[in-house]
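> need coordinates for the below:
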Amino acid sequence: MARRIVPKATPEQEGPLTAELLGRFVRARRTQANLEIRQTALACGVATDTLHKIELGKEVSLGSALKVITALGIQLTVENWDE
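Numbers count the residues shown, from 1 in each chain. I've put the predicted structure just below:
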């Protein structure tokens, strides 16, 4: 029997983006879409362990993180800075 997926609330962002906060956004998006971690990893083209690390805010390659956020429809932006 499949486990019931409990949707997580979308986190609030106050201050700069951290790996932990990005992981919380990824987990919220995945659970709100009622997706299991294995099926999400497969759809994103990453290993289940990699997706799990991202959701926990652990170190992964930038390429893997970008694959996941792109596949889940999460948009990152870079703000202009003073030179």
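> rest of the way, CA atoms for contacts and neighbours
Noted.
> who's in contact with residue 60?
For residue 60, the set of contacting residues under the criterion of C-alpha atoms under 8 Å, 6 or more residues apart in numbering consists of 50, 53-54.
> so where do the helices sit in this structure?
Per DSSP state H, the chain has helices spanning 19-32, 37-44, 48-56, 62-71. These are given in chain order.
> residue 22 contacts residue 53, doesn't it?
No: taking C-alpha atoms under 8 Å as the definition, residue 22 is not a contact partner of residue 53, at 11.1 Å.
> ok, the residue nearest the centre of the chain to residue 80 distance?
With distances taken as C-alpha atoms, centre = their mean, the residue of the chain nearest its centroid is residue 26 (2.3 Å). From residue 26 across to residue 80, the span is 24 Å (C-alpha to C-alpha, to the nearest Å).
> kindly report the same for residue 31.
According to C-alpha to C-alpha, residue 31 stands 32 Å off from residue 80.
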